[in-house]
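Student: Sequence and predicted structure are below.
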Amino acid sequence: MLTVNQLLSHKKVNKVYAVRPDQMVIEALEVMETYNIGAVLVMEGEALVGVFSERDYARKGIIKGRKAKSTPISEVMSGNPFFVSRQHTIEDCLKLMSEKRFRHLPVKEGDQVIGVLSIGDIVSAFINEQAFRIESLEHYITQA
């Protein structure tokens, strides 16, 4: 099974985009728009304290009548995020994301954040791995 480390090494862009909890929501939204991403990490220095996504803003911001220019990230972020390490498999990630119902998964090595995987990254890798297994089995069967 493909590991997080292998997946990170194959990602075209493996940059971590982050904001501070005291920044306003509009700043996070601008980062997300600039880099065409659906979420940013929320960091206090080197410490991961949350994840802020489009879903967070829709459900905890807009619907609640909060304004992006005057609402700090800390009021609408998802705190205490789950994370994985390089050694986890994509199957581990998919299971965690499905069970806990979130779409962005930080990757940490010790206390340092080294990447972020989206549900799209995970599903794409899972599909590619399954296609490779099927192709290998078909080849094995036709050669037997």
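Tutor: Yep, that arrived. Numbering: from 1, shown residues only.
Student: Now for the protein, the helix or strand with the poorest mean pLDDT.
Tutor: Lowest mean confidence among the helices and strands of the chain (mean pLDDT, DSSP states H and E): helix 119-143, at a mean of 88.
Student: Remind me what that helix packs against, helices and strands.
Tutor: helix 4-10, helix 90-100 (3 or more CB pairs under 8 Å, 6 or more residues apart in numbering; DSSP states H and E). All C-beta atoms are positioned from the backbone trio N, CA, C, and that covers glycine.
Student: and with 6 Å instead?
Tutor: Judged by 3 or more CB pairs under 6 Å, 6 or more residues apart in numbering; DSSP states H and E, helix 119-143 is in contact with helix 90-100.
Student: For M24, give me its contacts.
Tutor: If you count contacts by CB atoms under 6 Å, 6 or more residues apart in numbering, M24 has them with K69.
Student: List the contacts of the residue nearest the centre of the chain.
Tutor: The centroid of the chain falls nearest to H104 when counting by CA atoms, centre = their mean (2.4 Å). By CB under 6 Å, 6+ apart, the contact set of H104 is A39, V51, V116, S118.
Student: What does it show for phi and psi?
Tutor: Here is the backbone geometry of H104 (degrees, to the nearest 10): phi -130, psi 130.
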